[in-house]
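In: attaching a predicted model along with its sequence, questions to come.
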Amino acid sequence: MVFPYLIRIPKIASIRYRRQVLKIAVLGAGALGCSIGGTLARTGHEVTLINRNRAHVDAINHDGLRMRTAQGELTVRARAATSAQGLGPQDLVIVLVKSFHTREAMAGALELVGPGTVVMSLQNGLGHEDVLAELVGRERLLAGKTYVGGVMLAPGSIIAGVTGKETLIGELDGRITPRALAIGEAFNAAGMATTVSDNIQGIIWDKLLVNVATGAVAAITRLTYGPLYQLPEIEATAIAAVQEAMDVARACGIPLTTPEARAAWTKASAGLPADFKTSMLQSLEKGSVTEIDFINGAVVRWGERCGVATPVNRTLAACIKGIERATTLAQEPSMTEPVKTAAPTRAYVEHVAVRVRDIHWHIRFFREVLGMEMREVAGPADNPSQYWTLGGMQLIATPGFEAPASNDAGWLAHLGVMVEDLDAAIFAASSWGVTPLPQGFNWLQLPDGLAIELIQAAPGSVAQALAVQPRA
C-alpha cells in the first residue's frame, strides 16, 4: 500500500481527512473490535472482522453487524471470518485480541501481512508491541490507545460507544509519519476523533490509567457504570489506584498528559451509557481469564522495578485473581460426585522452538538434508527472523547467541502446545505452581524451568492430531 503524502506537523497533530479506501482486518473483533471495524466500514473501507466465535461471524455475514449507538440503532455490512485464512495482505491490521492471546493470534494471521501492511495494536495494557515486533518486525508497527467502548449484546449485535471517545495513535519512535497521518485521517472521517502523537509511550500509560480506574473495581463489584459511579467508596479506591500508577510512571520516566488522578476516573465514563460493562467484567461473566496482569498487575511490576509501593493495585489484582480461581474451582467436580477421568482439555505439542545463531544454515540443513519444507516464516522471506518447518521445528534467529554447551549448539526456547480450550487449560494450570511469562498470559513456566506456549486450536484439530497412530 502507498499512503498519500501528507504535511508533516509537529507534536500532537490533528489530522485533515483525504479520502482513501483501505483494506482493514480487525484481529479480535469482539465488542470493541466491532465498534471500531463497524464504524470504519460505514464510510466505505473494506473491513474484515476476525473472531473465532462461529455464531458471531455467521450472524454478521448473514444479517450485518447491528450497532446500538448514541445516534440510534443501525446495521452495517461488513465481512466476518473465524480466521485469517484466505484473506490475503491488508493495508492495516488492527490488533484487538485479549492481551494473553496476542502472540497466538498474530502468529496465526501472518498472511494478512504484506510488503506495505501496517500492524497497529489498540489493546489495553502494556507490552503488546514487543510481542508483535517479534512476529512482524518493529518497522511495521504503530501503537495506539482508544477510549471507544463496546458491549456484546448477542452474536452480531453490540453497543458501540464512539461519540466523544478519543483515539490516539503514533510511531513507536515518536516520529510523525505519512502512514500514521493517513490512518488517522481515515479514522477521523469515520467519526472517531483521532490524534497522531509523538509521545505514544506516554499515551499508552495515559490509557492504562483509565483501565486502572474502572477495570478491576467494576469486575470485582460486578457493577455497570451507572451504579459504579454512584458509590463514593468506589470512586476513592479507583482514584487511589490511578494515583499509584501515576507515581510509578513518573518514577520510571514516562511522560504523562493526564493532569491528575481524578481526570482518569472521569474520562473512563465519558460518552458511555449507564449499562456499560468494562471488558474485565465481561471476561469474568463469561468465566474467562482477564487482562489483570497487563493492567493493575503491570502497575505492580513497574512499581517494583522503579521502587514505588503499589498496595491498592496489588490488592485489586489479588482480588481479581481470587475471583478467577473461584471460577476454576466452580468448574471442578464436587467431591460427592464421581471423579471424572477426562482432562478439562486435550493437547499436543505443535512445535519445538530452538534458538540458533545462523538461521540460514539451519534452514538449508532441515530442508536439504531432512526434506522438512517450510510451513511459516516471520519477517522477510530472504532474511527471516523465525522459520517453521512442517516437521514441527521453529527456528528463532538469535545473533550472538551463546549456548551453554558449545558456541555451535542450539538451545530450547519453548514448547508450543496446541490445546482444545485455551481458557480451560490456563485455569487448570493455575493450581499447579506455574508462573506466567512476560510474553503473554498463555505463556507458562513450569516449576523446573520449562517454558510452554499454549495455543488455541481450531475446532476438531486436536482430536484429529491425536488420532494419528504411533509408528509400530
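Out: Arrived safely. This is a predicted model, so every value here is computed, not measured.

In: using CSV, write out every CA atom in the helix or strand where residue 186 lies.
Out: Using DSSP states H and E, residue 186 maps to helix 178-189. Output of helix 178-189 as CSV, limited to C-alpha atoms (Å, rounded to 0.1, in the frame of the first residue of the first chain):
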residue,chain,number,x,y,z
PRO,A,178,2.7,9.9,6.4
ARG,A,179,1.3,6.5,7.2
ALA,A,180,0.3,7.4,10.7
LEU,A,181,-1.4,10.6,9.4
ALA,A,182,-3.2,8.7,6.6
ILE,A,183,-4.6,6.2,9.1
GLY,A,184,-5.6,8.9,11.4
GLU,A,185,-7.5,10.7,8.6
ALA,A,186,-9.4,7.5,7.8
PHE,A,187,-10.4,7.2,11.5
ASN,A,188,-11.4,10.8,11.8
ALA,A,189,-13.5,10.7,8.6
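
In: next structured bit after it?
Out: Trace forward from helix 178-189 with DSSP H and E and the next one is strand 194-196.

In: need the next SSE after that next one, C-terminal direction.
Out: Heading C-terminal from strand 194-196 (DSSP H and E), you reach helix 200-221.

In: hey, where'd the helices end up in the stretch 251-400 of the chain?
Out: Using DSSP state H, counting those that start in this stretch, the helices of the stretch 251-400 of the chain run over 261-269, 279-285, 296-306, 311-331, 359-364.

In: weakest of the ones you listed by average pLDDT?
Out: Averaged per stretch, pLDDT over the helices of the stretch 251-400 of the chain is lowest on helix 359-364, reaching a mean of 80.

In: where's that helix relative to the chain centroid, distance-wise?
Out: Taking C-alpha atoms, centre = their mean, to the nearest Å, one finds the center of helix 359-364 at 31 Å from the center of the full chain.

In: and the helix or strand hosting residue 133, what's buried?
Out: Residue 133 belongs to helix 128-136 when assigned by DSSP H and E. Residues of helix 128-136 classed as buried: 128, 129, 131, 132, 133, 134, 135, 136 (neighbour count, 16 or more other C-beta atoms under 10 Å). No exception for glycine: its C-beta is placed from N, CA and C like everyone else's.

In: output those residues in TSV, with pLDDT appended to each entry.
Out: Below are those laid out as TSV (pLDDT from 0 to 100):
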residue	pLDDT
128	81
129	84
131	86
132	92
133	92
134	89
135	92
136	94
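
In: sorry, back to before: turn the helices of the stretch 251-400 of the chain into CSV, columns for mean neighbour count.
Out: Below are the helices of the stretch 251-400 of the chain laid out as CSV (neighbours: other C-beta atoms under 10 Å):
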stretch, mean neighbour count
helix 261-269, 20
helix 279-285, 20
helix 296-306, 21
helix 311-331, 17
helix 359-364, 16
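
In: quick one: which of those is nearest residue 117?
Out: With C-beta to C-beta as the measure, helix 359-364 is the member of those nearest residue 117 (22.4 Å).

In: show me what the closest one is packed against.
Out: strand 386-389, strand 393-397 (3 or more C-beta pairs under 8 Å, 6 or more residues apart in numbering; DSSP states H and E).

In: take those strands and write them to TSV, including mean pLDDT, mean neighbour count and distance to residue 310.
Out: Listed next are the helices and strands packed on helix 359-364 as TSV, based on pLDDT from 0 to 100; neighbours: other C-beta atoms under 10 Å; distance: least, C-beta to C-beta, whole Å:
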stretch	mean pLDDT	mean neighbour count	distance to residue 310
strand 386-389	80	21	35
strand 393-397	82	21	34
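
In: make TSV from those strands and add distance to residue 98 to it.
Out: Below are those laid out as TSV (distance: least, C-beta to C-beta, whole Å):
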stretch	distance to residue 98
strand 386-389	23
strand 393-397	23
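
In: can you put the helices of the stretch 251-400 of the chain in JSON lines and add distance to residue 426?
Out: Shown next, in JSON lines, are these (distance: least, C-beta to C-beta, whole Å):
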{"stretch": "helix 261-269", "distance to residue 426": "27"}
{"stretch": "helix 279-285", "distance to residue 426": "12"}
{"stretch": "helix 296-306", "distance to residue 426": "15"}
{"stretch": "helix 311-331", "distance to residue 426": "9"}
{"stretch": "helix 359-364", "distance to residue 426": "31"}
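
In: how close does the nearest residue to residue 51 once chain neighbours are set aside sit to residue 206?
Out: In space, and not counting its chain neighbours, residue 51 is closest to residue 29: 4.5 Å by C-beta to C-beta, 6 or more residues apart in numbering. Distance, residue 29 to residue 206, by C-beta to C-beta, to the nearest Å: 25 Å.

In: which of these two has more residues huddled nearby?
Out: More crowded of residue 29 and residue 206, by other C-beta atoms under 10 Å: residue 29, with 32 against 26.
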